[in-house]
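*Asks:* With the sequence up front, the predicted model follows.
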Amino acid sequence: MSALPPNAPVSSSSGLDLAGLVESVRQWGRELGFSAVGVADLDLAEAGERLAAWVGEGMHGEMDYMERHLPLRRDPAQLVPNARSAIMVRMDYAPLDGPALAARQRSALADGATAVVASYALGRDYHKVLRQRLQRLADRIAGHIGPFGYRVFTDSAPIMEVELARKAGIGWRGKHTLLLSRDGSWFFLGEILTDLPLPADRLETPRCGQCRRCIDACPTGAIVAPYLLDARRCISYLTIELKGSIPEALRPAIGTHVYGCDDCQTACPWNKYARASDIPDFAPRHGLEAASLLELFAWTEADFDERTQGSAIRRIGYERWLRNVAVALGNAPPSEAVRAALRERVDHPSELVREHVRWALERQRAADD
């Protein structure tokens, strides 16, 4: 995150053609590989109230940072002094077009032996990719107008990114709570918070209508109502954010997901229009798009460290990786190969791993009875 010092004076916008600057920023953004660029104002009062109510219901689970940083999420000017607008960008990441990606994930889930990793995590860690390009965009702006107050973010600070992207006209909020566009939802968001008073874009018209395919597709029933997600039931939360034991009642519904979940996205009709990304960083690495559960469960910690280098997956660590794969093996079709692999880990040093291995073994045995 590069910027002027926090005590820097407010950028002077007198004499600037701000509307013209926004159009230039859109063009520069496209040249940098962003599929959409928009501008939002920073009035988050209404969204902040909804977020506070959601946290108050405990739906954020163990994500204590959601509650801890509520004031910052409601007021971005606490992150960037005198911030007045947000330049929001979108970068597509799907390694295949929408129909092909959905078909591949459904096939993997159906065969029961293939690990399913959320598509965003198959390639290089998106934080680095987006941050570098956002910085280049900020440098381009500074080269055009001179120094200005800003900070660059991509899922790296307590910011209501989806809401700001909605306000910037990049898309609308789907019933699964993700941002949707007419090109689907397989994209990352990033932003430049700035003290420039840029004109905000018009909102995109919501286009979900009566559709509820994302709600019906959620294996764990985490989308408890349209536009309302109980994170405590979400497979992405359970396999990534949750540090301890996955609730037993939810384990069967996890299927063979080992890191994150795309089910609500693959079910969304708008994603049939999603285009494959042409950014090499997001191409799958180490065969994770079609790796077998037995292969991943056999990884040593050194294997895990090597094969998740530069990947978002590394954030969960080796212990939780084994926890997740053990649950997936418990949901796999019963076989002696699966049971043998689980028995190899039954005395693992981690009680967290041992607990999930025992559960998986019992589930395998029960399926054979």
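*Replies:* That came in fine, so what should we check first? Numbering: from 1, shown residues only.
*Asks:* Tell me which helix or strand comes right after the longest helix that the chain contains.
*Replies:* Ranked by residue count under DSSP state H, the longest helix found in the chain is helix 126-145. The first helix or strand that comes after helix 126-145 along the chain, using DSSP states H and E, is strand 150-153.
*Asks:* following the helix or strand encompassing residue 28, which helix or strand shows up next?
*Replies:* Residue 28 belongs to helix 18-31 when elements are defined using DSSP H and E. Counting by DSSP H and E, the next helix or strand C-terminal to helix 18-31 is strand 36-41.
*Asks:* so what does that following strand touch, helix or strand wise?
*Replies:* helix 18-31, strand 85-92, helix 161-167 (3 or more CB pairs under 8 Å, 6 or more residues apart in numbering; DSSP states H and E). Where you see a C-beta, it was placed from the backbone N, CA and C, and this is true even at glycine.
*Asks:* Reformat the ones you listed as CSV; add distance to residue 268.
*Replies:* Output for the helices and strands packed on strand 36-41, formatted as CSV (distance: least, CB to CB, whole Å):
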stretch, distance to residue 268
helix 18-31, 25
strand 85-92, 15
helix 161-167, 15
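*Asks:* got a list of what residue 287 touches?
*Replies:* Residue 287 sits next to no residue when contact means CB atoms under 8 Å, 6 or more residues apart in numbering.
*Asks:* Pick the most deeply packed of the helices and strands packed on strand 36-41.
*Replies:* strand 85-92 (a mean of 26; mean count of other CB atoms under 10 Å).
*Asks:* Neighbouring strands - and their directions - for that strand?
*Replies:* Paired neighbours of strand 85-92 in the sheet (DSSP bridges): strand 36-41 (antiparallel), strand 187-194 (antiparallel).
*Asks:* ok, and what's touching the shortest one?
*Replies:* Right, strand 36-41. 22, 25-26, 29-30, 84-90, 164-171, 181, 198-201.
*Asks:* Would you indicate which residues of the helix or strand following that strand are buried?
*Replies:* Of the helices and strands lying after strand 36-41 in sequence (DSSP H and E), the nearest is helix 45-56. Residues of helix 45-56 classed as buried by neighbour count (16 or more other CB atoms under 10 Å): 47, 48, 51, 52, 54, 55.
*Asks:* Quick one, grab the pLDDT at residue 7.
*Replies:* At residue 7, the model reports a pLDDT of 38.
*Asks:* Please apply the same query to residue 155.
*Replies:* pLDDT, residue 155: 86.
*Asks:* where does it land in three-state SS?
*Replies:* coil (DSSP: H, G, I helix; E, B strand; the rest coil).
*Asks:* Likewise for the one 3 residues further on?
*Replies:* What three-state DSSP gives for residue 158 is coil.
*Asks:* What separation is there between residue 24 and residue 144?
*Replies:* According to CB to CB, to the nearest Å, residue 24 and residue 144 sit 7 Å apart.
*Asks:* same thing with residue 347?
*Replies:* For residue 347 relative to residue 144 (CB to CB), the value is 62 Å.
*Asks:* Looking at those two, which one has more neighbours?
*Replies:* residue 144 (13 against 9; other CB atoms under 10 Å).
*Asks:* was I right about that one contacting residue 22?
*Replies:* No - counting by CB atoms under 8 Å, residue 144 does not reach residue 22; the two are 11.8 Å apart.
*Asks:* list the residues that contact both of these two?
*Replies:* Contacts common to residue 144 and residue 22, judged by CB under 8 Å, 6+ apart, are absent.
*Asks:* which residues sit against stretch 348-359?
*Replies:* 244-246, 248, 251, 319-320, 322-323, 326-327, 330, 342, 345-347.
*Asks:* Stretch 322-335 now?
*Replies:* Residues contacting stretch 322-335 (CB under 8 Å, 6+ apart): 112-113, 115, 239, 246, 251-252, 254-259, 293-294, 296-297, 316, 338, 341-342, 345, 348, 350, 352-353, 356-357, 359-365, 367-368.
*Asks:* Looking at those residues, which are in strands?
*Replies:* 257, 258, 259 (DSSP state E).
*Asks:* tell me the contacts of the first one?
*Replies:* The neighbours of residue 257, taking CB under 8 Å, 6+ apart as the test, are 109, 116, 118, 235, 239, 324, 328.
*Asks:* what's the pLDDT at it?
*Replies:* At residue 257, pLDDT is 98.
*Asks:* low pLDDT regions in the chain?
*Replies:* By pLDDT under 70, the weakly predicted segments of the chain are 1-14.
*Asks:* Kindly recompute the last result at 50.
*Replies:* Within the chain, the segments meeting pLDDT under 50 span 1-9.
*Asks:* For the residue lying closest to residue 32 once chain neighbours are set aside, the count of nearby residues, please.
*Replies:* Leaving aside its sequence neighbours, residue 32 sits nearest to residue 133 (CB to CB, 6 or more residues apart in numbering; 4.7 Å). When counting by other CB under 10 Å, one arrives at 21 neighbours for residue 133.
*Asks:* who's in contact with residue 133?
*Replies:* 32, 33, 34, 91, 190.
*Asks:* Which one of the residues you listed is nearest to residue 266?
*Replies:* residue 91 (19.7 Å; CB to CB).
*Asks:* Okay, and the beta partners of the closest one?
*Replies:* residue 188.
*Asks:* ok, now how distant is the closest residue to residue 124 other than its chain neighbours from residue 96?
*Replies:* Nearest residue to residue 124 in three dimensions, chain neighbours excluded: residue 281, at 4.1 Å (CB to CB, 6+ apart). Per CB to CB, residue 281 is found 16 Å from residue 96.
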